[in-house]
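[1] the following comprises the amino acid sequence and a computationally predicted model.
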Amino acid sequence: MDEVAALEALANNLSLITENPYDLSLHIQNVRLERETGMEDQEEAVLDMLVTYWAAGEQVWMPLIDLRVKNSNLESPEGLQSVLELFEKAEADYLSIPILKRHLEFLLERFNHFQELDARPKDLEDMFTQEWTRPRIENVVAQGIAHLTQSYVLWDLKKDWELERLEEATADEKKALAQNIETMFLERLRQPHSNHDETFQAYSSFTTNYKPADQYETLLVQASKLRAQAVKAYQKRESYESSLTQADYSLEGYAYYLEFEKRGKKLDLFLLPALYERAIAEADRRRFADEPNAGTALVIFWIGYLDFIRTHNFEDNIRYEIYKRATRSVPSSGEVWARYIRFLERLGHADEVNAAYSSALSVKPLTLDSDQLVPVVFAKASFERRKVEREEIDNEGYEGVLLPLLEAQSLIREKIKTGDPRLRLEKYFSSICLDAANLPEEAINMWSATVRHYKTSYMAWIAYTDALIRLGMYDQARNVFREIAPKNLDWPEAVWEAWTAFEQVHGSVEELEDCFDRIERAQKQVNAKRAKDAEKAALQAAQFITEQQGGVPLAEASAQGDAQMEVDHALSEGSSKRKAEDEVPAEGSKKARIDQVPSSLKRDRENCTVFVANLPSNTSEEDLRLLFKDCGPIREVKITSLSNSLVATVEFMERDSVPAALTKDKKRIHDEEVVVHLAWQSTLYVTNFPESADDEFIRTLFGKYGVLFDVRWPSKKFKNSRRFCYVQFASPNSAKAALELHSTEIEPGLPLSVLISNPERKKDRTDSDANDREIYVAGLARSVTKQDLEKLFSTYGTVKEVRLVLDDKGQTRGFAFVEFQQEKDALASLSANNHELKKRRIAVTLADTRVKAAKNHPSGKRSAEVRNRSIRVRGLPAGTQEGLLQQILSKHAQVQRVEVFQDSHEAIAEMENPAEAGKLLLLSAPIVFNGQTLQLSEESLESAPPTHRATASRPLPGAPTGLFVPRTAASRPRAGLGSKRARATVSAAPGTNTTFTAASSTATTSTAKGQDDFRKMLGGA
């Protein structure tokens, strides 16, 4: 983008920021555009605008500070004060050691500068004198003193400055200064920090130089005892700090660290707040870099921090500042604003409560999310309610309670398409009207308006009838039930049940039987509609899956659709789809409880494995288990002998064991020092290589950087287009050296991608769990577009891809697949089932693209077409990689997919067509894979369904295995005039060619052709 275009884009972006200043992405875009213009005056203005609305980290404040220092007159009080105020603002947002260090350096540089002048400027007064500078240095150091690993950066600067003042002091001044410095040392020794040995050594030197010689030993013994507790506290956390560093300060790492701190019987009120501050600062940095879920993590950290300072009774002034910082950091978080409002209420600051409420509602993103708006409105309404109850005001006083509830209801219905399916504000309003304010008419009017807006919400209608029943308005309630019983609601069974219960208590026999009759008619209508929708959706899905994957029987997919349809029938018959206490959202989007979707416990290999190198040649598995026995339960130990070294991987059952395992680095086995590091640190994620690249190509390319431990290839059985691999070295240094291959063009226009395989970024780099993140959407109207689906499902999480299936005319075939970035979002999106989209109810289920091709077992049922082009592979080495096996087979024939069954050391290879299967079976030379000769046989004859007319008998003992049995004419009898269907059997006898026998009513037999005859047939002989 040229400068003119950048300036124009900058102007347009500024207009958008004016309309929505609390959209952080606009500010980030503003910074990027400004830097493209290269205009420093614009940079300061842009950064100033960002920090006006948002808390910012060092990535924003440091450039802004540098600009302010550069552009200010540092000889005048005004210029100096401007810089110092900017430092204070920067430090108020997040804990940042670089900013604090920069502040200290500025103070020390200006102090030294003015000390060296012959004459100080008069207008400075006492600025940057020793008395003025010391408390400011102490204040800056105090802000970072609890940072376990970096606080020394600040404290050491302060220590050196104090010792310099001591050196320069007069004899009269030295005694008092020495006493202050000794106190400073002793206080520091009580604090856990990473370089406590250096601190103790510095205190020893100080004692030698400034204390009587006969006191030296006594003072050091006392100091040693004094620091013992701090040293123990640091050692307790050292493994977590090491793990955090090795994980590149991941947010998950901080979450684990915080959980560890909070599990203690007595929480450390010195270190834990600093750990929260560090986690919050890192989450903001990642949010600014637009990392997925960083914003969510930031809110979670803030809420945990705010609850921690509340439950541990921090001083009000400290809590006040932290609450204000939190609302500035995450202004769109309703939970944070609600906590702030309740805190202000406890302080008795009514005016500030109103101001905070107004500030929260000025944040546009917050008002567009009911889950964020509702907690804020609850906090304000509850504040007003307690004020009324405390002051014993009459009913008119409840206007202050009801007004924000009504205004928020209107705002939600106007701005948010789905509204608030849980009707939280409406329920609160009704409760106040009926229980406290004695305003029944207001409650009825509100519910009447609510059901007009949420027309299909069973929850709204039941709440309306409950209010009528409570007020004794039975006839009105009955009329409402009769009106809505046949309507298309999101959960009609709940309404029918409520009506039945009402008539049982308040109705006559005639009214009760009328209720039963009406419900029966409504049930028939609903069940017929559900059955029709389910049948249509199942048929569409089956057709699509058959077209996309081939070989999946239509009847099989239809059967699954029928199964889903039967579930609906079963639910409706009992009229008790859920327990009464379960909440179900309204407006056509029942809330699917996530715990209803079973999720298998997944093996977290990358996060649970450490790599051990430099092992002695006689190391055994028992040696390694003994070394790591106190770290946690071990799942697997794998020792591998490389060309000139012995290495191993140790996988733990839980990732919590890894930090302790990393402390075994530099420990000894058989008197030799071993190296322990996270396995993923020596692993590279490699992609975008040529289609022709295979295992040998990758090993040759990367082998020059160090000893290769393993190359892992992905399975292509779900997605044949997957082209990436993991290259694991024996050491992290080799992996780092190989990063130079990143962006290297192996072929023109094909830059290689080489990255460290950080498991925290696994979701961004692979589609290994795409099946768990994909949903199937059926019942779509023909007018539905891809944008409609993106808009709908983006409310549940980040949508990665929408595949809308179209017909030849470019119109939707009524169904689509939506893939999310995260599995939890896919599960959450199931609540859109039965949602109304363009006047059609849609069906939403989890997609399963692995569709039943072999029922995940080699003996599973497979379609005849797939069996005819499939090969059974036997004799596989243990731990065979599907991707690697597919590479080997693809060198001889065109392979569509390979599935390995580790327990039986077998695989099924689906070829492109039967001719390719024959080509592979007719190879004259055997295929050797990892030192073992593979046995190939035709799958169709070995695993044909029982209903197939040709059956294969078991080979007799000693019979040759893996022999190709041709599909002779006898196995496929001709149908025509005068032809009789023959019953066919295939048998193999020891020492003979495979024969085919056809038995008919005339008892005629024929001998099958052998492999040589079959080759002649293929060759046209």
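    Arrived safely. Every value quoted in this text rests on a predicted model; they were computed, and no experiment measured them. Residues are numbered from 1 along each chain as shown.

[2] contacts and neighbour counts: CA atoms only from here.
    OK.

[3] kindly format the C-alpha coordinates of stretch 745-756 as CSV.
    C-alpha atoms of stretch 745-756 as CSV (Å, rounded to 0.1, in the frame of the first residue of the first chain):
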residue,chain,number,x,y,z
GLU,A,745,11.1,-22.4,-2.3
ILE,A,746,11.6,-26.1,-2.9
GLU,A,747,9.7,-25.5,-6.1
PRO,A,748,8.9,-22.1,-7.8
GLY,A,749,6.0,-20.4,-6.0
LEU,A,750,5.9,-23.1,-3.2
PRO,A,751,7.6,-21.6,-0.1
LEU,A,752,8.2,-24.3,2.6
SER,A,753,6.7,-23.7,6.0
VAL,A,754,8.8,-24.8,8.9
LEU,A,755,7.7,-24.0,12.5
ILE,A,756,8.5,-25.3,16.0
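
[4] in that stretch, what's buried?
    By 16 or more other Cα atoms under 10 Å, the buried positions in stretch 745-756 come out as 751-756.

[5] any idea how far H312 is from D268?
    Here D268 is placed at a distance of 11 Å from H312 (Cα to Cα, to the nearest Å).

[6] identify the contacts common to the two.
    Residues touching both D268 and H312 (Cα atoms under 8 Å, 6 or more residues apart in numbering): there are none.

[7] in the stretch 251-400 of the chain, which spans are helices?
    251-262, 271-288, 294-311, 316-329, 334-347, 350-361, 364-367, 370-391, 399-415 (DSSP state H, counting those that start in this stretch).

[8] any idea of the angle the fourth one forms with helix 271-288?
    Counting by axes from the mean of the first three to the mean of the last three Cα atoms, to 10 degrees, helix 316-329 lies at 20 degrees to helix 271-288.

[9] got the confidence number for K225?
    On the pLDDT scale, K225 is placed at 94.

[10] what's the neighbour count on it?
    Neighbourhood size, K225 [other Cα atoms under 10 Å]: 12.

[11] buried ones in the strand or helix carrying it?
    In the assignment (DSSP states H and E), K225 maps to helix 216-246. By 16+ other Cα under 10 Å, the buried positions in helix 216-246 come out as 216, 220, 223-224, 226-227, 230-231, 233-234, 237-244, 246.

[12] could you do stretch 347-367 as well?
    Neighbour-count burial for stretch 347-367, counted by 16+ other Cα under 10 Å, picks out 350, 353, 356-357, 360-367.

[13] just stretch 375-387 next, same as before
    In stretch 375-387, the ones that count as buried by 16+ other Cα under 10 Å are 375-385, 387.

[14] ok, and the closest non-adjacent residue to the residue sitting nearest the centre point of the chain?
    Centroid-nearest residue in the chain: Q822, 5.5 Å away (criterion: Cα atoms, centre = their mean). Nearest residue to Q822, sequence neighbours excluded (Cα to Cα, 6 or more residues apart in numbering): R773, at 5.9 Å.

[15] pull up the gap between the closest residue in space to D825 that isn't next to it in sequence and A917, please.
    Nearest residue to D825, sequence neighbours excluded (Cα to Cα, 6+ apart): G797, at 5.1 Å. Distance of G797 to A917, given as Cα to Cα: 43 Å.
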